[in-house]
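Trainee: This is a predicted model, with the sequence first.
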Amino acid sequence: MAIILDGNTLAKSIKKDIKSQVGNMMAPPGLAVIIVGDDPASHVYVKNKKKDCLACGITSHEFDLPEDTGQEKLLALIGKLNNDPNIHGILVQSPLPEGYNIQEVFQRISPKKDVDAFHINSAGGILRGEYSFLPCTPAGVIALLDHYNIDPMGKHCVVVGHSNIVGKPMAMMLLNRNATVTICHIHTADLAAHTRQADILVCAVGKLDLITADMVKPGAVVIDVGINRLENGKIRGDVDFEAVSEIASHITPVPGGVGPMTRAMLMLNTLNSALTCPQ
Ligand code: NAD
């Protein structure tokens, strides 16, 4: 039976540590969270971020905007927050409703406050290994690996999923740790032939049970980033957890693996922004 990589416990201890550092600061860090429209899942994510801020002593500034706010007003708000000395991180909850240009929105956020690390400067910085912020989900995966002393150096890491926010930066961060990296995606022929080679397999797709036990090398470390909501409201990952945990050496559960680590990394990015650029 695989060792469970417990994101809940690690995230809790990271947040406790953040809270004690915030306690020593003159003023708490401020995180602005902007949500546009009424996507129910997005509202749940924003509520959780608020809870995390509270747990860390970070001041959360929530901007709950109606769907018809429009691109220009949204950009103007970000411009205002860029200049607000009480705000150290700005996050725009995605997806935005139809009609918004999310790339332009991400570009408007000052790179100094880009705690989600979606600005092109942050993305480019990861390529060079020079950055102020790392995207929260892949950073959370790396923190989890580090905590359990799983060193990617020299390992064959296979990342399934090549999105700009998870798959690509994940692959680059593993490469920066001197892993040999394969990136798979929807057009990859014979996915299983690749995943079976993985010493560390990271799956970030959003397809229930995409990764079955026959696709995993015995003893591999399996990281499940995927979130799939079942009809009964429960969430599951991309990996057939029951079967794969019989053959993997380590595995993340869903929920309780990468999700809480992502949230903890957002808090850490906000703290670091306030420490390095106190305004
Ligand atoms: P995305 O839709 O932008 O990208 C999905 C990726 O999966 C693409 O690269 C696509 O090519 C690939 N893909 C689709 N079908 C495939 C298949 N059959 N075989 C191989 N590759 C396939 O999604 P995303 O934003 O990168 O998120 C991926 C998953 O991770 C989603 O389930 C999302 O909810 C979840 N997620 C979780 C966290 C967390 O904190 N746990 C954070 C972000 C995203």
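Mentor: Cool, got the structure. Note that this is a predicted model, so its numbers are computed, not measured.

Trainee: switch to C-alpha atoms for all contacts and neighbour counts from now on
Mentor: Noted.

Trainee: Start from the N-terminal end of this structure and give the helices.
Mentor: For the chain, the helices defined by DSSP state H occupy 7-23, 40-56, 71-82, 102-108, 120-128, 136-147, 167-176, 191-195, 241-244, 258-276.

Trainee: Grab the CA positions of the third one and hand them over as CSV.
Mentor: What follows is the C-alpha trace of helix 71-82 in CSV, where atoms were taken according to Å, rounded to 0.1, in the frame of the first residue of the first chain:
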residue,chain,number,x,y,z
GLN,A,71,-13.3,44.4,-19.3
GLU,A,72,-12.5,48.1,-19.0
LYS,A,73,-13.9,48.4,-15.5
LEU,A,74,-12.2,45.2,-14.4
LEU,A,75,-8.8,46.5,-15.8
ALA,A,76,-9.3,49.8,-14.0
LEU,A,77,-9.9,48.1,-10.7
ILE,A,78,-6.7,46.1,-11.1
GLY,A,79,-4.9,49.3,-12.0
LYS,A,80,-6.1,50.8,-8.7
LEU,A,81,-5.1,47.8,-6.7
ASN,A,82,-1.7,47.8,-8.3
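
Trainee: Please name every helix or strand in contact with that helix.
Mentor: Applying 3 or more C-alpha pairs under 8 Å, 6 or more residues apart in numbering; DSSP states H and E, one finds that helix 71-82 contacts strand 89-92, helix 102-108.

Trainee: out of the ones you listed, which comes closest to residue 53?
Mentor: Smallest distance to residue 53 across the helices and strands packed on helix 71-82 (C-alpha to C-alpha): 11.7 Å, for strand 89-92.

Trainee: who touches the residue of the stretch 1-150 of the chain found nearest the ligand in this structure?
Mentor: The minimum distance from the stretch 1-150 of the chain to the ligand, using C-alpha to the nearest ligand atom, falls at residue 137 (5.3 Å). Residue 137 makes contact with 165-166, 258-259, 261-262, 265 under the criterion C-alpha atoms under 8 Å, 6 or more residues apart in numbering.

Trainee: so which of those is the most crowded?
Mentor: Highest neighbour count within the contacts of residue 137, by other C-alpha atoms under 10 Å: residue 258, with 31 neighbours.

Trainee: Quick one: name the residues of this protein near the ligand.
Mentor: 137, 160-163, 165-167, 184-186, 204-206, 225-228, 258-259, 262 (C-alpha under 6 Å from any ligand atom).

Trainee: how about a cut-off of 8 Å?
Mentor: 136-137, 160-167, 184-188, 191, 203-207, 210, 224-228, 237-238, 257-263 (C-alpha under 8 Å from any ligand atom).

Trainee: Weed out the non-buried ones from those residues.
Mentor: Taking 16 or more other C-alpha atoms under 10 Å as the criterion, what is buried in those is 136-137, 160-162, 165-167, 184-185, 191, 203-206, 210, 224-228, 237-238, 257-263.

Trainee: give me the residue from the stretch 151-279 of the chain nearest the ligand.
Mentor: For the stretch 151-279 of the chain, C-alpha to the nearest ligand atom, closest residue to the ligand: residue 206, 3.0 Å.

Trainee: Please list all residues in contact with the residue nearest to that residue when sequence neighbours are not counted.
Mentor: Nearest non-adjacent residue to residue 206, counting by C-alpha to C-alpha, 6 or more residues apart in numbering: residue 226, 4.7 Å away. Residues near residue 226 by C-alpha under 8 Å, 6+ apart: 203-208, 236-238.
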